[in-house]
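Student: Below are the sequence and a predicted model; questions follow.
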Amino acid sequence: MSTVLQHTALITAASAVWYAVAVTVAAVTAVVARSDARRRDAREVLKVLVRRSR
């Protein structure tokens with residue numbers, strides 16, 4: 001496999017992992033945050049992240 005293809009695959013995998021982490025953090029925050037405003041904000045961020053992935 002060429003070096004360029006390996007680097008492309010690595011960058012793609014890293015991006016997918018970071019996206020999954022962002023969605024997970026937003027989902028957890030939407031469920032466990034103490035403040036209603038923070039939960040509401042986390043739900044809105046989660047909606048944007050999930051909508052963009054479709």
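Tutor: Yep, that arrived.

Student: which residues of this protein fall in helices?
Tutor: Secondary structure of the chain (DSSP state H): helices located at 3-32, 36-53.

Student: Show me which positions of the shortest one end up buried.
Tutor: Residues of helix 36-53 classed as buried under the neighbour-count rule (16 or more other CB atoms under 10 Å) are 42-43, 45-46. Every C-beta, even on glycine, is put in place using the N, C-alpha and C of the backbone.

Student: packing partners for it?
Tutor: Using 3 or more CB pairs under 8 Å, 6 or more residues apart in numbering; DSSP states H and E as the contact test, the elements touching helix 36-53 are helix 3-32.

Student: Please tell me how far the helix it packs on is from the chain's geometric centre.
Tutor: Mean-position distance between helix 3-32 and its chain equals 6 Å (CA atoms, centre = their mean, to the nearest Å).

Student: Next, the buried residues of that helix.
Tutor: Applying 16+ other CB under 10 Å to helix 3-32 flags 26-27, 29-30 as buried.

Student: circling back to that earlier point, dump the helices of the chain into CSV; add mean pLDDT as well.
Tutor: What follows is the helices of the chain, written out as CSV (pLDDT from 0 to 100):
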stretch, mean pLDDT
helix 3-32, 92
helix 36-53, 82
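
Student: returning to that earlier point: the buried residues of helix 3-32: which two are farthest apart?
Tutor: The two members of the buried residues of helix 3-32 with the most space between them (CB to CB) are Ala27 and Thr29, at 7.3 Å.
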